[in-house]
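A.B. asks: Give the three-dimensional model of this entry:
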Amino acid sequence: MRKRIAKVLLILAVTGIVAFAANDNTIGTWKLNAAKSKMPANPPPLKNSTVVREPSDGGVKLTLTGERTDGTQVTVNYTAKYDGTETTITQTGLRYDTISIKQVHANTLTDERKKTGGTYHATGRTVVSSGGKLMTVTIKGTNADGTEFTTTLVFDKQ
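C.D. replies: As a prediction, this is how the structure comes out:
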């Protein structure tokens, strides 16, 4: 009898985790709304950006392409689980190279961004609006030069 109860509890736990991870309203294609976003001048702000977020085993596969106002190209690729495990980012045009992500609920993620061997450190919060049409990413931290910053990126669902 104990084994049967243990099996049922295990199945319920696994089902709950899978259902929770599958419910992620950040999944999809998002375009930067630069007019609604607030970015510091250094590095130069993003002029445009497209983010594609695809479901991946307990997390997300992210691909970002964009351009800064000075013409610098920005690319970001990573696959991360929502368990807070640090993940290496393949990127150009960023000041950090690792990220760890946790899912708060279907509309909210939190993250920590770092530069390996550097002083850059920031935390982020991604929130999808209740209507699912806007995604706001707020990033607060300290740049490599010790300057504190706050960035707010607003994306429109495509």
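
A.B. asks: And residue 142, how close does it get to residue 33?
C.D. replies: 26 Å (Cβ to Cβ, to the nearest Å). Placement of C-beta: from N, CA and C, glycine included.

A.B. asks: Please say which of the two ends up with more neighbours.
C.D. replies: Higher neighbour count among residue 142 and residue 33: residue 33, with 16 against 13, using other Cβ atoms under 10 Å.

A.B. asks: For the closest residue to the more buried one other than its chain neighbours, give its distance to residue 72.
C.D. replies: Excluding its sequence neighbours, the residue lying closest to residue 33 (Cβ to Cβ, 6 or more residues apart in numbering) is residue 154, at 4.7 Å. Residue 154 sits 21 Å away from residue 72, going by Cβ to Cβ.

A.B. asks: And for residue 126?
C.D. replies: Distance, residue 126 to residue 72, by Cβ to Cβ: 23 Å.

A.B. asks: where in the chain is pLDDT low?
C.D. replies: 1-22 (pLDDT under 70).

A.B. asks: picking that back up, between residue 126 and residue 72, which is the more surrounded one?
C.D. replies: Legend: neighbour count by other Cβ under 10 Å for residue 126 and residue 72, higher for residue 126 (22 against 14).

A.B. asks: do you know how far the more buried one is from residue 111?
C.D. replies: For residue 126 relative to residue 111 (Cβ to Cβ), the value is 7 Å.

A.B. asks: Residues contacting the helix or strand encompassing the residue nearest to residue 33, please?
C.D. replies: If you go by DSSP states H and E, residue 154 is part of strand 148-157. Here strand 148-157 makes contact (Cβ atoms under 8 Å, 6 or more residues apart in numbering) with 28-33, 36-40, 46, 49, 51, 122, 132-143.

A.B. asks: those strands in the chain, which residues are they?
C.D. replies: 28-32, 46-56, 59-68, 73-81, 87-88, 90-92, 98-105, 108-114, 121-128, 134-142, 148-157 (DSSP state E).
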